[in-house]
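1. Sequence and predicted structure, then a few things I'm wondering about:
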Amino acid sequence: MPAKWLTETEAKGYLKDAFYGRLATCADGQPYITPVNFAYADPKIYIHCHVVGRKLDNIAANPQVCFEVSEPTKLYRDELPCNYGTRYTSVLAFGRARIVDEPEAKLAALNLIIDKYAAGHLYQPITAEATATIKIIEIAVEKISGKTNVDPA
C-alpha cells in the first residue's frame, strides 16, 4: 500500500478541516479514547465537553495527549485478500492538554467551535456567562504528522 507522508502544512490543513477527531488520554496506565467535535487554530486544538468526565480526570492526572483525525476514502480490492487495503488520510497531533478556566478564553474557543459547525446557519450569540456550563480543553500541539494511503501509480 503506497503511503505518502503529508508535509506539516498539509497535516495542519487536514486537521483544521476534519469533521471530528478522537482524543486519546491516559491515566494509571489505561488509555482512553473519546470521539469529539473540535476546532483547530494553529498551534492549538479546542474541544468542548461536560464539566465532569473521564477525559477531564485523565487530563488532570496526565496532561500528555494524542489527537487523531482520519477519513477512509476507498476500499482497495484485489484477487488476493491479503492485498486488500483502505485508502485514507490521517493526522496525529501530540501535545499537552489543559482546562481553560478564563471565561473570555473559553468564549473565544467555543466561538471557534461554533463557527466551524454552524457555518452558514443563524444562531444566538454565546455569552461568557453561558460558558460556565461547559469545560474547554485546549491542546498545545507539540508534534504533528500525517499520512495518506494512495493507489499505486
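-> Sure, I can see it.

2. contacts, neighbours, all on C-alpha from now
-> Noted.

3. in the helix ranked longest in the chain, what counts as buried?
-> Criterion DSSP state H: the longest helix present in the chain is helix 103-117. Buried residues in helix 103-117, counting neighbours by 16 or more other C-alpha atoms under 10 Å, are found at 106, 107, 109, 110, 111, 112, 113, 114, 116.

4. Between these, which sits nearest residue 16?
-> Within the buried residues of helix 103-117, proximity to residue 16 (C-alpha to C-alpha) peaks at residue 116, which comes in at 9.4 Å.

5. pretty sure that closest one is touching residue 39, no?
-> Yes - the pair residue 116 / residue 39 is scored as a contact, 6.8 Å apart, by C-alpha atoms under 8 Å.

6. Could you measure from the one residue sitting closest to the centre of the chain over to residue 92?
-> Most central in the chain under C-alpha atoms, centre = their mean is residue 21, positioned 3.8 Å from the mean C-alpha point. Separation of residue 21 from residue 92 (C-alpha to C-alpha, to the nearest Å) stands at 10 Å.

7. Direction included, what does the strand or helix carrying residue 142 pair up with?
-> Assigned by DSSP states H and E, residue 142 belongs to strand 135-149. Strand pairing for strand 135-149, determined by DSSP bridges: strand 3-5 (antiparallel), strand 44-49 (antiparallel), strand 85-100 (antiparallel).
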